[in-house]
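Colleague: Test case, fold it:
(4 chains)
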There are 2 protein chains.
Amino acid sequence: MNKTKKRSDCPISNSLDIWGDKWSLLIIRDLMFAKECTYGDFLKADERIATNILASRLQALEENKMIEKLDHPDSKVKVLYRLTKKGIDLMPVLIEIHLWAEKYFPIPEDRKAMLKEVKKDKAGFIKAKSKELMG
Amino acid sequence: MNKTKKRSDCPISNSLDIWGDKWSLLIIRDLMFAKECTYGDFLKADERIATNILASRLQALEENKMIEKLDHPDSKVKVLYRLTKKGIDLMPVLIEIHLWAEKYFPIPEDRKAMLKEVKKDKAGFIKAKSKELMG
DNA sequence: AAACATTACTTGCAATATGCAAGTAATTAT
DNA sequence: ATAATTACTTGCATATTGCAAGTAATGTTT
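Modeller: Numbering: from 1, shown residues only, chains lettered A, B, ... in the order given. So this is what the prediction gives:
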């Protein structure tokens, strides 16, 4: 979306300039749950992102060092995407969004289970999951 | 922005449907720092939101019970906006965004000071600040 | 009391972004 | 050799954004 033009020097604003649209955090969400995704994997998500939007978001997120491309072990046509450290570091944000949403929306069962774990030991959960994604 | 149409039953997606655009969280940020703002106060923010966009976001946030209108004590032309409980409950999200941004952007001094306090006792900070905003 | 200033919006319109359907190039499978 | 996958790109209609200007209700000044 945006061409790295900062609207102000506010950290919230700076952050939104990178991933503050309706789609970017969903891509990041998919990568946090799946660790690695192909283009086709993203398209399978319930929200039904359009292919052109997906391509433009992947490019922007890559330019902003939130995600990176990898060679797929099985094929040269396939591309694997995964989170960088910068992307993984967004986990606390995603978790707090989940915890907020839990108060105000009905939550699917698998997410409830995850949040139960989170509540037992938030720092521990983040550390373990981040390590998993870095691997 | 959106007319309450949910794209999926994912809590992240549901959340973004409400405040997942480039402006809504900035409005919420202003209200977290200032507790109460007039229309004109929002316009003063560094990001320079357009008046029509501000009006549409305020309306959407109100419809979604994130903010509410109050009578201004000084005048009938002025309107005060403030966060509801639902809006205040986003504080952990805003804080985690700040903490993430701190790692990847230069941060203004006043925010640095705030984050220092946050790091001393995150839960305590949120509790105290939330209470302040509820008052 | 008339004139001017504030405040919170609304309106019109050009520019940009989104969403949908279809197309393409490089592999990979049959 | 032919067909299928995969990761995109392109064209175009629709929706959203951003800018400038306008307006209605109140408040202030002379």
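Colleague: From now on I want contacts and neighbour counts done on CA atoms only, so please keep to that.
Modeller: Noted.
Colleague: quick one: residue A:65 and residue A:84 touch, right?
Modeller: Yes. Assessed by C-alpha atoms under 8 Å, residue A:65 is found in contact with residue A:84 at 6.7 Å.
Colleague: where exactly do the strands run in chain A?
Modeller: A:67-71, A:79-83 (DSSP state E).
Colleague: Next, the angle from the last one to strand A:67-71.
Modeller: Regarding strand A:79-83 and strand A:67-71, their directions subtend 140 degrees when assessed with axes from the mean of the first three to the mean of the last three C-alpha atoms, to 10 degrees.
Colleague: Wondering if strand A:79-83 reaches DNA strand D at all.
Modeller: Yes. Contact of strand A:79-83 with DNA strand D (C-alpha under 7 Å from any atom of the strand) involves A:79-80.
Colleague: isn't residue A:133 right up against residue A:87?
Modeller: No. With contact defined as C-alpha under 8 Å, residue A:133 and residue A:87 do not form a contacting pair (10.1 Å).
Colleague: the more surrounded of those two?
Modeller: residue A:87 (21 against 18; other C-alpha atoms under 10 Å in any protein chain shown).
Colleague: residues touching that one, list them.
Modeller: Applying C-alpha atoms under 8 Å, 6 or more residues apart in numbering or on different chains to residue A:87 gives the contacts A:28, A:65-67.
Colleague: got it, and residue A:54?
Modeller: Counted by C-alpha under 8 Å, 6+ apart, residue A:54 has contacts A:42-43.
Colleague: any idea how far it lies from residue A:27?
Modeller: Distance, residue A:54 to residue A:27, using C-alpha to C-alpha, to the nearest Å: 9 Å.
Colleague: Give me the common contacts of these two.
Modeller: residue A:42.
Colleague: What residue spans form the domains of chain A?
Modeller: Per automatic domain parsing, the structural domains of chain A span A:1-83, A:90-135.
Colleague: Point out the most buried one among these.
Modeller: domain A:1-83 (a mean of 17; mean count of other C-alpha atoms under 10 Å in any protein chain shown).
Colleague: is DNA strand C contacted by that one?
Modeller: Yes. Domain A:1-83 comes into contact with DNA strand C (C-alpha under 7 Å from any atom of the strand), by way of A:1-2, A:21, A:48-53, A:74-77.
Colleague: farthest pair in those residues?
Modeller: A:2 and A:74 (33.6 Å; C-alpha to C-alpha).
Colleague: Provide a list of residues in contact with the residue nearest to residue A:70 when sequence neighbours are not counted.
Modeller: With sequence-adjacent residues excluded and distances taken as C-alpha to C-alpha, 6 or more residues apart in numbering or on different chains, residue A:70 is closest to residue A:80, at 5.0 Å. The contact partners of residue A:80, taken as C-alpha under 8 Å, 6+ apart, are A:36-39, A:69-72.
Colleague: And the residue sitting nearest the centre point of chain A, how close does it get to residue B:15?
Modeller: By C-alpha atoms, centre = their mean, the mean C-alpha position of chain A lies nearest to residue A:28, the distance being 1.1 Å. As judged by C-alpha to C-alpha, residue A:28 and residue B:15 stand 15 Å apart.
Colleague: ditto for residue A:22
Modeller: For residue A:22, the distance to residue B:15 - C-alpha to C-alpha - is 10 Å.
Colleague: before we move on, back to that, report the contact partners of the residue nearest to the centre of chain A.
Modeller: With C-alpha under 8 Å, 6+ apart, residue A:28 has these contacts: A:83, A:87.
Colleague: and residue A:64, what is it in contact with?
Modeller: residue A:18.
Colleague: tell me the pLDDT at it?
Modeller: Listed pLDDT for residue A:64 reads 98.
Colleague: Quick check: it vs residue A:87, distance?
Modeller: 10 Å.
Colleague: cool, and residue A:9?
Modeller: Taking C-alpha to C-alpha, one finds residue A:9 at 21 Å from residue A:87.
Colleague: all helices for chain A, in order.
Modeller: If DSSP state H is used as the criterion, the helices of chain A fall at A:11-19, A:24-34, A:39-43, A:51-63, A:85-88, A:91-104, A:109-120, A:122-134.
Colleague: Run the chain-centre distance for the fifth one.
Modeller: By that I understand helix A:85-88. Offset of helix A:85-88 from its chain centre (C-alpha atoms, centre = their mean, to the nearest Å): 9 Å.
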